[in-house]
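> need coordinates for the below:
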Amino acid sequence: MRVLVAQEYSGRVRNAFLKLGHDVLSCDLLASEDDSPYHYQGDIRDVLVQPWDLLIAHPDCTYVCGSGWHWVVRGRVEADGRPRIAHVNEAVAWARMYIDGEETAHIPRRVVENPIGRLSTLIRKPEQIIQPHWFGDDASKATCLWLHGVPKLVPTDMVPPRIVNGKKRWANQTDSGQNKLGPSDDRWKERSRTYQGIADAMAEQWGNL
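Residues are numbered from 1 along each chain as shown. So this is what the prediction gives:
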């Protein structure tokens, strides 16, 4: 299959498909972390027009995540002088392009991945919500999948949680349920990485369609 992985710099999904022999290209405005020759650094629209069999897109969630929505309500103005809602509208437009836009209509199989946030109300509800601990990673991060032409992912390796005061917790969580990653300049990069188990499941299950 010819597979395009949009807005991915880590290479995890790309490399999972490469290992199975597929023709894969990742694309992001950032350089690939592993300096792979199978990465295009630039605008995704430069390569989106090519004949792909499968698109897996990871649009930026910064302005559509639930945790930051209060800034929209408060009318926050961002550092570039534009109101936050303008950034939200741009983020929604990018996600909509991947989900059901004319620019991607020629690709028969499409997957859009994003954490739980506002896309479910601003565009439509996802076909599936998955967890990394369904696929062998000791972590909790509810992730939405908008699917076109592919089936839902089937869990491959359920990781049991630890129980704290009767509540389920995984290794990336504190006992109170917060994410263990503290504030930092690259926190967004660490949190945006696709878990390896999910990447492997995507390649194994969607690469055989």
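> now the longest helix that the chain contains: buried residues?
Of all the segments of type helix in the chain, defined by DSSP state H, the longest one is helix 84-100. Residues of helix 84-100 classed as buried: R84, I85, H87, V88, A91, V92, W94, A95, R96, M97, Y98, I99 (neighbour count, 16 or more other CB atoms under 10 Å). Every residue, glycine included, has its C-beta placed from N, CA and C.
> for stretch 8-19, same thing?
Buried residues in stretch 8-19 (16+ other CB under 10 Å): E8, Y9, S10, G11, R12, V13, R14, N15, A16, F17, L18.
> closest to D80 out of those residues?
Taking CB to CB as the measure, D80 lies nearest Y9 of these, at 22.1 Å.
> do you know the pLDDT at the closest one?
On the pLDDT scale, Y9 is placed at 94.
> I figured it hits S36, correct?
No - at 10.1 Å, Y9 does not count as touching S36 under the criterion of CB atoms under 8 Å.
> and what about L25, helix, strand or coil?
Secondary structure state of L25, per DSSP: H, G, I helix; E, B strand; the rest coil, is strand.
> that one touches Y40, doesn't it?
Yes - at 5.9 Å, L25 and Y40 qualify as touching, with contact defined as CB under 8 Å.
> which neighbours do these two share?
V47 (CB atoms under 8 Å, 6 or more residues apart in numbering).
> what about the two, which has more around it?
Legend: neighbour count by other CB atoms under 10 Å for L25 and Y40, higher for L25 (20 against 14).
> ok now do that one, which residues does it touch?
So L25 contacts V3, L4, V5, R14, Y38, H39, Y40, V47 (CB under 8 Å, 6+ apart).
> distance check, the residue sitting furthest away from the middle of the chain against D175.
When distances are taken from the C-alpha mean of the chain, N165 lies farthest, 31.2 Å away, according to CA atoms, centre = their mean. According to CB to CB, to the nearest Å, N165 stands 8 Å off from D175.
> check V92 too.
The value you get for V92 to D175, if CB to CB is used, is 35 Å.
> give me phi/psi at L54?
Main-chain dihedrals, L54, degrees, to the nearest 10: phi -150, psi 130.
> neighbours of it, how many?
Neighbourhood size, L54 [other CB under 10 Å]: 23.
> that one against V150, yeah?
Yes - with contact defined as CB under 8 Å, L54 counts as touching V150 (7.5 Å).
> list residues touching both of the two?
Contacts common to L54 and V150, judged by CB under 8 Å, 6+ apart, are R109, R110, V111, W206, L209.
> want to throw those into a markdown table with pLDDT?
Formatted as a markdown table, the shared contacts of L54 and V150 follow (pLDDT from 0 to 100):
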| residue | pLDDT |
| --- | --- |
| R109 | 98 |
| R110 | 98 |
| V111 | 98 |
| W206 | 98 |
| L209 | 80 |
